[in-house]
Structures are given as C-alpha cells and as structure tokens.
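Predicted model follows, preceded by the sequence.
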Amino acid sequence: MTGVNRKLQLTARRRRALFFGLTLSSAVLASLLMLDILNANGLTFAERLALPLFFILFTWIAGAFWTAIAGFCIRLIGRDPAVLHAADVDGRPITTRTALIMCTYNEDVEHVTACVESIWKSLQAQPEQAQFDFFILSDTRKPDIAQAEERAWKALVRRHNARGRIFYRRRAQNTSRKAGNVADFVRTWGGGYDNMVVLDADSVMSGSTLVTLARLLDANPQVGLIQTLPSPAGRATLFARLQQFAARLNSQMLSSGLAFWQLSECNYWGHNAIMRVQPFAQHCALPRLPGSEPFGGEILSHDFVEAALLRRAGYEVWMVPDLGGSWEQVPSNLIDFAARDRRWCQGNLQHLGVMPLKGLHWVSRIHMLTGVLAYATSPLWLAVLVLSSWVTCQEALHGYQYFEPGTYSLFPSWPEYRTGEIALLLTITLVVLLLPKALGAILALANRAQRQAFGGTRNILKSLLAEQLFSMMLAPAMMIFHSSFVLQTLSGIVVKWDAQARDDRGISLREALIRMKWHIGIGLVWGAVILAFAPKFIWWMAPVLIGLLISAPITMWTNRTTLGQKARERGYFLIPEETNPPQELIAGEAVNAQEHHDTDEEHHPVPVQAPLHMEAAPFDRYTWREAYEWRPAARRARIAETRARHAVN
C-alpha cells in the first residue's frame, strides 16, 4: 500500500463540493418555488406534509441529473484525467495470478455452460491466458441440475483441453448464499491467487477486458477492487429490449458521471469486477447484523458492504467506465424484474443497520443511502400523489372560503393563482427528469461509430421516444411494486432468495392479472374518487391512473419475444451488441448442449488447497451520540482511530 494521494483527495473534495452543492441547491430552489406556490392561499396540513417529501424527491432526481451532466461533459471531452484508464496499462506484463469465479444456484445448465465457454475461448486468445484459472462454484440444491452441471463441466474441460484450469465445486450447504460461496472459495483456494474476478451466472467478459483488469491492479497496488460497466444484452422480449436500449444508450455517460465524483470511493455491484484476494479475505468477511430478519441476521446485499469494508481498510475502489467487453442479462418481463427488485429491496433496506458501522468512509455511507432511496422514493412519490389528490378533492368539496371564519369584513379574500411559478416548476421538473436521456442520445448521434451501432439517427430518435412512452406506462406499476416491497420489509416479511429467472419466458394474461390485481384496484378506486369529487383533476393524474389500469395487459404484451423481434426488424431499440455482435456473445449462443456427456472413469484433478483465514470482526457501530457528535476535532480523531485499527499493515 502506498501513502495517501493528496492530489486525489483535493480533486475529490472539489468535485464532491461541486456535485453535492449543485444537487442540494437545485432541491432547495425547487422547494422554495413549491413553497411559494402552496403558500399563496395558506398552507394546509396536507401541504405541510408534502413539502418535505417534495424536497427529498427533488434531491433524488437532481442528483441523477447532475451526475448525467458531469458524465455528458466528460464524454464530450473524451477523458477524465483523475480516473483509471485501460489505455494507461496497454502492453504491461502481468505478474499476478487471477481466478475467475462464477457462482451458480439452480441455474439453467446450458446457459451457464455457454457463458463459461464464451469467456474461456476469448481468454485463450490472449497471450497472458496462463495467468488465469476458472472456478464454477455451485450452490445448486437440486440433484438433477447438479448432475447436469458436473457433466457439462467435464465436457467443457475435454473440449478445451482445460484439465487443471477449469474447476467445478459444489458446496454441501449453501450457507450465506452467494457471499458464503465466495468466502468458501477464498478460505479453500484463495491463497493460490492474487486476484479474483467475480461473475454471475449470466456474466460474459472478453479475454482482453480480463487481461486489462489484471494489468490495472498490477499497476495500482493501492487499489483493492475495480468494477467494470456490465452492458445488458442477449434478451429478445420487448420488455428486455427496452431495458437494454435505455441502459446501453445512457450507462456510459452515467457511469462517467458517477466516477467523476466518486473517484476512489466507487461502489461494487457484485459481479463483473476484479479484486485482490488477500485484502478481501482480511477485511471483507461479513458481520452478522444484530436482531432478527429482515433487518438483522445475514447481510443479503453483500456487494455494497464489501466495497465499504475494503475502502475502510485503506484500499481504493474504482470504476472504469471506458472499459468495454463486460455483459450481463436483464429479466425478460416486468414480473421477473419486480421479483428481483423485491430481493434487492430487502437487501438495500438492511443497509440502514450497516451504515453506522465504525470507520466507514462517508461516501460508502452515501452508496448505502442511495441504495435505500432507490426503493424508498417510490412510497414517497405515492404519498405526494395521494396528498395532492386529497388536497384537490378537499378544495373541490368545500370550495374556497372567501371570508375567514369568525371575522367580519366587507371585502372577500380572493384566491391567488401562481400560474407563472407553477409553469416554471413544471418545466424545471421535466427538464431534470428528461434531459439525461436526451443527453445520452446526443452523445450517440454526435459520434459516427456510435450512431451506426445504434442503427442510425432515425432509429435512435424513434427508439428514444418509444422507450420514454413505455417508461411512462410502466413507471406507475413499478411505483406500486416498490412501495409494497418497502412496506413488506418494514412489516417484517422476509423474502425468499430463489434463483433468478433468466430465460425469455412468457407471461399469460391470467398471471399478469393475478400479479397486478392491486395495481388495477388502486387505479380504479383512485380514479373513481377523483372523478366523483374533482373531475377536472383527472387529466393531471391520467398518466398515473392509466399506467395502473393497463398494467396487466402491458405486462403480458411487452414480455413477448415476437414483438421484440418485430421491433428489432423495424429498427426499434437496437444496441451495438445487435448491429455488430461481439464474438463472445456469438460464441455463447452457439454452444451445443448435446455435447454435455461424459464417462465416470474420467479423472479431473482438484486444485491444491491454499486456504486463507477469513473471519468477520465484531459488529462495532456508532451510538447515536457518537454518530451525531457535534465536535469536529473529536469526531475526526475517533474516525482516524477506527480506520487505523482496520488499516492494512
């Protein structure tokens, strides 16, 4: 480990002061404008409740807006001088050994094998391929799937003559889920490797990207983890292609914006990232949270916490936005997308109990808070919409009081309407919400190669408009889903952590109606109340109500692969992986499942065990008094003492 980089610290302070200053200033100004509008005729109790919620929500969208602005400027300039760049290590020899570890749990064997084979074939084309081994770490509970996994692994080894290079291990007990699976690898074989690349069962990475990641770690001994930007690809339903297009168009810009202010305190997303094994073993064993589930017990969303623990130990955590060759898949329909979010919601809300852990960098706490708000903002939006509907219905029911009760006056108190302020606030909100997507499209249109990769100018523009329309229709359904997930977690309902659905399965209208019954019911009751008491307000609420009422048919409709294929044929939602498919994705689709056969007589060597000690430290967190102690000098001394205890020797 090297000493503190004072130049990097100064850059971080300036950039974060700019980012958070702009974000909070935007929210304050918008909230003052809202206060002026509401205060024109006196604040009601409901309006007083809505105002702080509005401030929180506008802060949330303003943060995304200024992140996009920062990323847009960086992509226009072409390079951020303060972050890691792949080009800086081109041609550097690799002196370390890296294990690629793919965690599986009751997954489709053919799909997993295709991903492994694609990665391995790409890696074998690199001169540095001898520095890498591959581990398939199975937590599968179903015996038939486990047997198929082992047969597929043996066939894979035989096809590529990879004995002693590709290994398969199935745990007897899947303790602590994926985090426990990775920890078991570290405790068993971690000592034999300097680095490890963590992969999900749907991850694909190119050999050149893997080599570059190893070079970046070699060149930067102070770095503990480097996160790539996984691009979604490979799904064919209309819903999945919408997600792929939106993410592919904007993700590089947004990740550049995140790296702009996060710098060496970036986050870890749980896969498609490289990290040092020794520091991970020493500092990233997860503590068990006090209390019972869902907020206590084992930490579910382990990635944010592991990044925070590495940073607490003094290691830098970076993201490299300009490094391609990293892919993942998205759920193929809204139901499976929501099911994944249900798991993530509980895991992220659980971070409320991790945030007070002593010694964490404040940006690591911001990551956890952001993860919480990713779901908590939905019930806040719902509360604001309900309160606005309540106020409007109350005013329509009782009318405006031109004379104050108990007073005697010859002149009435006429209502004031701040039309100009209302139009200004609405315009500002629309700009903050919609401009980031437009900036992503501008970057694609301004670059000839990117423009062609997305299908040309016309296809980009029509896809952008169509994606925005679908997003507006799907947003109310996701708001209700996320609100219910937050309420379920707060009520103590524990999620079941099943394997993720990764195929292009269809959703029948019956299943959609069953899953969306509350959405439709809420839309019907909400719309009926507004029509009964304030019918003129129905047009203002129409986008939300229509989205709820059509949630079942839109879910069924967008999950169809036939519509996804027709959209592709007409140039909608094209992404570079479709117009010019990388060899890694083509190879993955071409795997022949019939080759998965083997004989019991074949011998496959087991890697020599090289155990590392990995044990969680006691869960030591701040008390309320310590966390909010006002004396800066005492607080700084306490933080420095805590970090020194966890620092690398």
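Yep, it's here.

Let me see the contact set for the nearest residue to residue 462 once chain neighbours are set aside.
Once its chain neighbours are removed from consideration, residue 462 has its nearest residue in residue 572; the separation is 6.7 Å (C-beta to C-beta, 6 or more residues apart in numbering). Just so you know, the C-beta spots here come from the backbone N, C-alpha and C atoms, and that holds for glycine as well. For residue 572, the set of contacting residues under the criterion of C-beta atoms under 8 Å, 6 or more residues apart in numbering consists of 241, 459, 462, 463, 466.

Can you give me every residue that contacts the first one?
Taking C-beta under 8 Å, 6+ apart as the contact definition, residue 241 lies against 235, 564, 567, 568, 572, 573.

What separates the first and last residues of stretch 72-89, distance-wise?
Criterion C-alpha to C-alpha, to the nearest Å; first-to-last residue distance in stretch 72-89 is 25 Å.

Counting neighbours, which bits of it end up buried?
Neighbour-count burial for stretch 72-89, with 16 or more other C-beta atoms under 10 Å as criterion, is recorded at 72, 74, 75, 80, 83, 84, 85, 86, 89.

Where does the fourth one sit: helix, strand or coil?
Look at residue 80: counting by DSSP: H, G, I helix; E, B strand; the rest coil, its state is coil.

burial count for residue 128?
A total of 17 residues lie near residue 128 under the criterion other C-beta atoms under 10 Å.

Run a quick neighbour tally on the closest residue to residue 507 other than its chain neighbours.
Spatial nearest neighbour of residue 507, excluding adjacent residues (C-beta to C-beta, 6+ apart): residue 559 at 4.4 Å. Burial measure for residue 559: 27 neighbouring residues, criterion other C-beta under 10 Å.

pLDDT at residue 559, what is it?
Residue 559 is assigned a predicted lDDT (pLDDT) of 90.

Which stretches in the stretch 251-400 of the chain count as strands?
When assigned using DSSP state E, counting those that start in this stretch, the strands of the stretch 251-400 of the chain occupy the ranges 273-276, 316-319, 326-328.

likewise the chain?
Along the chain, the segments classed as strands by DSSP state E run 98-104, 132-138, 166-170, 195-199, 204-205, 223-227, 231-232, 273-276, 316-319, 326-328.

Can you tell me which of those is nearest to residue 256?
Nearest to residue 256 among the strands of the chain is strand 316-319 (9.1 Å), distances taken as C-beta to C-beta.

ok, back up a step: quick one: which of the strands of the stretch 251-400 of the chain is nearest residue 607?
Nearest to residue 607 among the strands of the stretch 251-400 of the chain is strand 273-276 (19.1 Å), distances taken as C-beta to C-beta.

Residues contacting that closest one, please?
Around strand 273-276, the neighbours that count as contacts under C-beta under 8 Å, 6+ apart are 98, 194-198, 210, 213-214, 216-217, 223-228, 268, 310, 315.

Pull out the buried members of these.
Buried subset of the contacts of strand 273-276 (neighbour count, 16+ other C-beta under 10 Å): 98, 194-198, 210, 213-214, 216-217, 223-228, 268, 310, 315.

Give me the spatial nearest neighbour of residue 224, chain neighbours excluded.
residue 315 (2.8 Å).

Hmm, I typed the wrong one, I wanted residue 364.
By the measure of C-beta to C-beta, 6+ apart, the closest residue to residue 364 outside its immediate chain neighbours is residue 308, 3.6 Å from it.

Pretty sure the one you found sits against residue 360.
Yes - distance between residue 308 and residue 360: 5.2 Å, which falls inside the contact criterion (C-beta atoms under 8 Å).

the more surrounded of the two?
residue 308 (27 against 24).

Would you enumerate the residues in contact with the more buried one?
With C-beta under 8 Å, 6+ apart as the criterion, the residues that contact residue 308 are 354, 357, 360, 361, 364, 365, 367, 368.

is it true that the third one touches residue 313?
No - the criterion here is C-beta under 8 Å, and residue 360 misses it with residue 313 at 10.7 Å.

phi, psi of residue 83?
When read as degrees, to the nearest 10, the backbone of residue 83 gives phi -110, psi 170.

Just confirm it contacts residue 316, I think it does.
No - taking C-beta under 8 Å as the contact criterion, residue 83 and residue 316 are not neighbours in contact, 10.9 Å apart.

Need the pLDDT of the residue nearest the centre of the chain.
In the chain, the C-alpha nearest the mean C-alpha coordinate belongs to residue 269, at 6.8 Å (C-alpha atoms, centre = their mean). At residue 269, the predicted lDDT confidence score is 94.

repeat for residue 91
Among the per-residue scores, residue 91 shows a pLDDT of 89.

Count the neighbours of it for me.
Applying the criterion other C-beta under 10 Å, we find 5 residues in the vicinity of residue 91.

now residue 430
Neighbour count of residue 430, defined by other C-beta under 10 Å: 10.

Please apply the same query to the one 3 residues further on.
Close neighbours of residue 433, defined as other C-beta under 10 Å, add up to 13.

Return the residues in contact with the closest residue in space to it that isn't next to it in sequence.
Counting by C-beta to C-beta, 6+ apart, residue 433 lies nearest to residue 61, which is 6.1 Å off, once chain neighbours are set aside. Counting by C-beta under 8 Å, 6+ apart, residue 61 touches 429, 432, 433.

from those, which is closest to residue 123?
Residue 123 lies nearest to residue 433 out of the contacts of residue 61, by C-beta to C-beta, at 41.6 Å.

ok, so what distance separates residue 382 from residue 586?
Residue 382 sits at a distance of 44 Å from residue 586 (criterion: C-beta to C-beta, to the nearest Å).

Between the two, which has more neighbouring residues?
Each of residue 382 and residue 586 had its neighbours counted (other C-beta under 10 Å), and the higher figure belongs to residue 382 (20 against 11).

Look at that one and report its pLDDT.
The predicted structure lists residue 382 with a pLDDT of 94.

does it really touch residue 476, like I thought?
No - in this structure, residue 382 sits apart from residue 476 without contact. The criterion is C-beta under 8 Å, and the distance is 9.4 Å.

Check the spacing between residue 582 and residue 231 real quick.
When C-beta to C-beta is applied, the distance between residue 582 and residue 231 equals 10 Å.

of the two, who's got more company?
Set side by side, residue 582 and residue 231 show more neighbours around residue 231, with 22 against 19, by other C-beta under 10 Å.

Beta-bridge partners for the nearest residue to that one once chain neighbours are set aside, please?
The shortest distance from residue 231 to any non-neighbouring residue, by C-beta to C-beta, 6+ apart, is to residue 327 (5.3 Å). Taking DSSP bridges as the rule, residue 327 bridges to residue 204, residue 231.

Confirm for me that residue 327 is in contact with residue 200.
No - Residue 327 is beyond contact range of residue 200, at 10.6 Å (criterion: C-beta under 8 Å).

re earlier: in TSV: the buried residues of stretch 72-89, plus distance to residue 288.
Supplementary listing: the buried residues of stretch 72-89 in TSV, determined by distance: C-beta to C-beta, whole Å:
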residue	distance to residue 288
72	43
74	40
75	42
80	39
83	35
84	34
85	39
86	38
89	39
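
Mind checking which of these are in helices?
Using DSSP state H to define helices, the subset of these located there is 72, 74, 75.

now the second one: how far from residue 67?
Distance of residue 74 to residue 67, computed by C-beta to C-beta: 11 Å.

Just among the contacts of residue 241, which is most surrounded?
Across those, the neighbour count under other C-beta under 10 Å reaches its highest value at residue 573, namely 28 neighbours.

Give me the nearest residue to residue 438, chain neighbours excluded.
Looking at residue 438 with C-beta to C-beta, 6+ apart, the closest residue is residue 464, at 7.7 Å.

Look up how far residue 431 lies from the one you found.
16 Å.

out of the two, which sits in the busier spot?
When residue 464 and residue 431 are compared for neighbours, residue 464 comes out ahead with 21 against 12, by other C-beta under 10 Å.
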